[in-house]
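In: next input, structure requested:
(2 chains)
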Number of protein chains: 2
Amino acid sequence: MRSDLDIAQAAHKRPILDLAPEQAGIPNEALEPYGRFKAKLSLEYIRTLDSRPDGKLILVTAISPTPAGEGKTTTTVGLGDALNYIGKRAMICLREPSLGPVFGMKGGAAGGGMAQVVPMEDINLHFTGDFNAIALANNLLAALIDNHIHHGNKLGFDVRRISWRRVVDLNDRALRQIVVGLGGTANGFPREDRFDIVVASEVMAIFCLVKNLKELKERLADIVVGYSLAGKPIRARDLQAQGAMAALLKEALAPNLVQTLENNLALVHGGPFANIAHGCNTVLATSTALKLADYVVTEAGFGADLGAEKFLDIKCRKAGLKPSAVVLVATVRALKYHGGVEVKDVGSENLEALRLGLVNLERHIHNITKNFGLPCVVAINHRTEDTAAEIALLQATAASLGVEVVLAEHWAKGGAGAAELARAVVKLCERPNHFKFLYEDQATLWDKVQTIATKIYAAAGISADAKVRAQFAQLEAEGYGHLPVCIAKTQYSFSSDAKLRGAPSDHLLNIREVRLAAGAGFVVVVCGDIMTMPGLPVVPAANGIDINDAGEITGLS
Amino acid sequence: MRSDLDIAQAAHKRPILDLAPEQAGIPNEALEPYGRFKAKLSLEYIRTLDSRPDGKLILVTAISPTPAGEGKTTTTVGLGDALNYIGKRAMICLREPSLGPVFGMKGGAAGGGMAQVVPMEDINLHFTGDFNAIALANNLLAALIDNHIHHGNKLGFDVRRISWRRVVDLNDRALRQIVVGLGGTANGFPREDRFDIVVASEVMAIFCLVKNLKELKERLADIVVGYSLAGKPIRARDLQAQGAMAALLKEALAPNLVQTLENNLALVHGGPFANIAHGCNTVLATSTALKLADYVVTEAGFGADLGAEKFLDIKCRKAGLKPSAVVLVATVRALKYHGGVEVKDVGSENLEALRLGLVNLERHIHNITKNFGLPCVVAINHRTEDTAAEIALLQATAASLGVEVVLAEHWAKGGAGAAELARAVVKLCERPNHFKFLYEDQATLWDKVQTIATKIYAAAGISADAKVRAQFAQLEAEGYGHLPVCIAKTQYSFSSDAKLRGAPSDHLLNIREVRLAAGAGFVVVVCGDIMTMPGLPVVPAANGIDINDAGEITGLS
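Out: You can find the predicted model right below:
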């Protein structure tokens, strides 16, 4: 079987400077080429699109996944190609991959099989340098903090309460917990510190939520980096950091244009964590695509309980976006897993487990259609090991689920394999749409979490110790009560216990920690162990990656 | 007065895809554009140039500098423009700037005044992402080391003897000395660690010395990252790191093509530290330029005692390059400093100090012409505060110095201002050339250092304690005795004491430490305090850098 990389390398890519004008009417002067097959869309050009009408926005989300993932990116690419295949003007918007999983275990994030964005190696390695710019802006702020303390600490930083962390775009567990500033007076003041992976940086979250450079600079200035000994928040603006940080991000902020294997345009831009951040590509990419195409397909991280909820309650709220339809990706494999089968056995036919696992799908459908009022279709992301009986059983459930269930074979067949899904989506987009946020701005932070927990997760309620409750109260007092909440919990269960599969009810969501992302404009509510710096496995993917004398890369997945 | 950034932003830049074919016959398919004004020259194209004859190579170096620098980059750009101005086909090769000085104190490294490479903001900020690729390759290797130890340490790493450090392209003193791996078993084994600035990475030195991807991968594999408890060296190849590292560096390895203010082509590629590394742009850029132009002007870091010596004994030796002429940059300011005037007073006329300071210039001329056998011209990099009497005095010394002394006004007037220098250089290139290395490969490491110290620095000899002498012996025993040595000492004096200005003699060069750069292929000999992670000043340049809503950057210098 050909690997994703083999397929990608064999692709007939068209020069992006030819494709962009032809397919989306983008003039050449609006494009900054990065090689022949990548370009950045200039912010000047994007401003000229303001008066155009918006296309239809389609969100691709998923049921609660297995650790391998259920193929949201692949389905997003396949659906985009399929919409073009049936004659619609469609564009897709994806997140940029992080090098952590590329060199670790999970691999890249450019889709798979016949549904990929290319050039795959470039996109999965440095791409156009956006993550580097974000890491540098993040780390410049960190250097300015320690430098300020070294040179007299006029702002009165409490070195025990610096919340701003350094970042690197690698899985490097040794940097999770460190002590910096050792070695005497020339090296500053010793303190505990941490590195996160770059996708966990608040700069990444900000980058993905702003509409222009002006807003970027304002939000960077708003970042709370720590507290003074007097207990007052200290912000990036107190260090005069936002100008240099925004200058570092100038080029990065322009969305990246690439193409699918079928030569359809794709914007791939930004990639915040889906746990402590909102997990969607940039607002700039999505809103630009809506001006350039009639249908825009995008994805959100993790399962719908996390990804779709944040996409709708954070990204759509902040950016004024309104989706027309939601595609819920399910796999036979994951449904059997939710029906009680262990990961190692999900490859064998098991109709009973499949039937039992449907409760997970049902809950997600309910959330999307009833809690958010959005039209929804289920896409079965077909895998070669799925049996005919399993597929038939799933399709037979459509009536009881109240939504259409479509078999999507884009992984094997590209856009043609998802044509039925595309037609279903086009129909959905014409349906009445009663989109509503799950909670209003003016609800308290506590009530927002409670609403998400009870309505989306089917929890009995939420709990927190006195310290966390005090943090909620303090954030309200400091004027952050109007912000949306961003819940960080396991993606594998509706609950905060990864082992509770299916559709657990009446569990209690315990809040372990609350973090303010004042620049990004949300409050992170941490439920359970959340890892913001992954580690590498025993045999990292890096060991299998190579390049020959002619520059051909092998071993990327 | 207009700032460098004002001048650069007002430049009439020509699209690089137009300029490259027109000026150097580079076909468009050989170029990977990065925006309109930057491009990478493909390695495939570079291979096709092999059979062409080489142009003349001109090295720009300097007398022992003041802390502000004497304008080597500016003179390199000015001389390149001047050679084109007088009708020659010339190209320049420069190092890429590091963000450390850009956000710290010294500013960027794209030249100054009317002698700059553009786009200045891009070159000084991320440029084409090379330093990011180098940082990631460096840090991936670090993550693989700690990951290996975490998962059982089969190679038997002695955690007290890991020499491989992480890097970041910022001045961040808090990272000079740290402890990583804290927090319990999930986070690995605690150990002492350090971050360097990216220009100090051995990956950077390797990157700048290789001729192709194959050699890059071999040299990366050769890196010694630490020692086992049994005292055996452990290499990057033992961690199977070189393939993924080389894949990360693939795009970066292609040289970057930009232009000067006068629309002449420039290759700006690589930028290793001039203390613990050799301080020159990539071999690939230099050797490619020699195929594309009749005259290639390049620079080496620090003063000629360090930069020129390493350029000649390390870079030229490894790459088989032979320079045709050397331009020694001097300023009236620096000569007065060497004559005993304090930095704060160098702006006032002082003929006596100027006369006294000439000893520094004389020694450098002697080294270049006698020790290396190369034709040399002195370029007085004219500054507005220089008086007519001072210039006249300098020009009157030419006879006694035995070389031509030319006033160069490229900073104020661009290429036209350095036309006389260009004509002098063209004449020098026709002179007999007796270039020889200072020492032979087969000399011992100790003797190599001794030769440099006595011949170039006029030291009485060298000294080292028993531990350092044992390190020399061990390196010889391990088969590294044939490598060239790379001396890391202060740039402000011929001695290792920054306060000994002028031309000190009979001092003793004490060797504090020896470090093996097995991948880069040299032995670093540290004499005195060498800082591989700078700090930010009280008021960092970052505080003055800003960007407006239209994306215009201000405050870069």
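
In: quick one: A:G156 from A:N147, how far?
Out: Counting by CB to CB, to the nearest Å, the gap from A:G156 to A:N147 is 15 Å. C-beta: built from backbone N, CA, C; applies to glycine.

In: roughly how far is the helix or strand containing A:V179 from the heart of the chain?
Out: If you go by DSSP states H and E, A:V179 is part of strand A:178-180. What separates the centre of strand A:178-180 from the centre of its chain is 30 Å, taken as CA atoms, centre = their mean, to the nearest Å.

In: which strands or helices does that strand pack on?
Out: Secondary-structure packing of strand A:178-180 (3 or more CB pairs under 8 Å, 6 or more residues apart in numbering or on different chains; DSSP states H and E): strand A:191-193, strand B:178-180.

In: alongside chain B, which residues does the stretch 201-350 of chain A contribute?
Out: Proximity of the stretch 201-350 of chain A to chain B, by CB under 8 Å from any CB of the partner chain, involves residues A:212-214, A:217, A:239-241, A:243-244, A:246-248, A:250-251.

In: hmm, 10 Å instead?
Out: Residues of the stretch 201-350 of chain A found near chain B (CB under 10 Å from any CB of the partner chain) are A:212-217, A:239-254.

In: equivalent analysis for the stretch 451-557 of chain A, please.
Out: A:529, A:531, A:533, A:535-556.

In: which residues touch the strand holding A:V179?
Out: Strand A:178-180 is touched from outside by A:142, A:146, A:166, A:187-195, B:172-183, B:187, B:190, B:192-193, B:195, with contacts defined as CB atoms under 10 Å, 6 or more residues apart in numbering or on different chains.

In: how about that strand: buried residues?
Out: By neighbour count on 16 or more other CB atoms under 10 Å in any protein chain shown, the buried set for strand A:178-180 is A:178-180.

In: mind putting those into JSON lines with pLDDT?
Out: Output for the buried residues of strand A:178-180, formatted as JSON lines (pLDDT from 0 to 100):
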{"residue": "A:I178", "pLDDT": "98"}
{"residue": "A:V179", "pLDDT": "98"}
{"residue": "A:V180", "pLDDT": "98"}
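
In: and of those residues, the nearest to B:R363?
Out: Nearest to B:R363, judged by CB to CB, of the buried residues of strand A:178-180 is A:V180 at 42.2 Å.

In: tell me how far that closest one lies from B:L182.
Out: Relative to B:L182, A:V180 is positioned 11 Å away (criterion: CB to CB).

In: who touches both of these two?
Out: Contact criterion CB under 10 Å, 6+ apart; residues shared by A:V180 and B:L182: A:192-194.

In: make a markdown table from those residues and add neighbour count and pLDDT to it.
Out: As requested, those are exported to a markdown table (neighbours: other CB atoms under 10 Å in any protein chain shown; pLDDT from 0 to 100):
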| residue | neighbour count | pLDDT |
| --- | --- | --- |
| A:E192 | 15 | 98 |
| A:D193 | 22 | 97 |
| A:R194 | 19 | 97 |
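
In: now a ChimeraX select for only the buried ones of the residues of the stretch 451-557 of chain A next to chain B.
Out: Buried residues within these, by 16+ other CB under 10 Å, are selected in ChimeraX with:
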select /A:531,533,535,536,540,541,542,543,545,546,547,551,553,554,555,556
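
In: restricted to strands, list the residues of the stretch 451-557 of chain A next to chain B.
Out: A:546-547, A:553-554 (DSSP state E).

In: which one of these is nearest chain B?
Out: Nearest to chain B among those, counting by CB to the nearest CB, is A:D546 at 3.4 Å.

In: which residues of the stretch 451-557 of chain A fall in helices?
Out: Under the criterion DSSP state H, counting those that start in this stretch, the stretch 451-557 of chain A contains helices at A:466-477.

In: shaky segments in it?
Out: The stretch 451-557 of chain A contains no residues with pLDDT under 70.

In: re the thing from before, the shared contacts of A:V180 and B:L182: which ones sit near chain B?
Out: A:192-194.

In: what about the residue nearest to A:A300 when sequence neighbours are not counted, distance to A:T73?
Out: With CB to CB, 6 or more residues apart in numbering or on different chains as the criterion, A:A300 has its nearest non-adjacent residue at 3.4 Å, and that residue is A:G307. With distances taken as CB to CB, A:G307 is found 12 Å from A:T73.

In: list residues touching both of the two?
Out: Listed contacts common to A:G307 and A:T73 are A:60, A:299, A:301; contacts here mean CB under 10 Å, 6+ apart.

In: by neighbours, which of these wins?
Out: Neighbour counts for the shared contacts of A:G307 and A:T73 (other CB atoms under 10 Å in any protein chain shown) peak at A:V60, which has 31 neighbours.

In: for chain A, give me the ranges with low pLDDT.
Out: Across chain A (using pLDDT under 70), nothing gets flagged, so there are no ranges to list.

In: pop the domain breakdown of it in here.
Out: Using automatic domain parsing, the domain ranges for chain A come out as A:4-126+A:253-429, A:130-249, A:445-527.

In: nearest to B:E362, of these?
Out: Across the domains of chain A, closest to B:E362 is domain A:130-249 (CB to CB), at 36.1 Å.

In: number of residues surrounding the residue nearest to A:T331 when sequence neighbours are not counted?
Out: In this structure, A:T331 finds its nearest non-sequential neighbour in A:E70, 4.7 Å apart by CB to CB, 6+ apart. By other CB under 10 Å, 24 other residues sit near A:E70.

In: thought A:E70 was touching A:E299?
Out: No: using CB atoms under 10 Å as the test, A:E70 is too far from A:E299 to be in contact (11.3 Å).

In: from the shared contacts of A:G307 and A:T73, which land in helices?
Out: Applying DSSP state H to the shared contacts of A:G307 and A:T73, no entry is found in helices.

In: the residues you listed into CSV, with extra columns for distance to B:G108?
Out: Listed next are those as CSV, based on distance: CB to CB, whole Å:
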residue, distance to B:G108
A:V60, 43
A:E299, 39
A:G301, 38
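
In: out of those residues, who's nearest chain B?
Out: For the shared contacts of A:G307 and A:T73, the minimum distance to chain B (CB to the nearest CB) is 22.9 Å, reached by A:G301.

In: wait, the closest one touches A:E70, no?
Out: No: between A:G301 and A:E70 there is no contact under CB under 10 Å: 12.0 Å.

In: if I look at those two, which residues touch both of them?
Out: Joint contacts of A:G301 and A:E70 (CB under 10 Å, 6+ apart) are A:61-62.

In: distance of A:F472 from A:T444?
Out: 8 Å.

In: what touches both of those two?
Out: Shared contacts of A:F472 and A:T444, counting by CB under 10 Å, 6+ apart, come down to A:G481.

In: counting neighbours, go ahead and name the busier of these two.
Out: With neighbours defined as other CB under 10 Å, A:F472 and A:T444 compare such that A:F472 has more, 20 against 15.

In: next up, the contacts around the more buried one.
Out: A:444-446, A:449, A:464, A:480-481, A:511, A:514, A:523, A:525.

In: A:G156 and A:N147: who's more crowded?
Out: A:N147 (23 against 12).

In: which ones are touching A:V210?
Out: Taking CB under 10 Å, 6+ apart, one finds A:216-220, A:246, A:249, A:253, A:282-284, A:318-319, A:519-521 in contact with A:V210.
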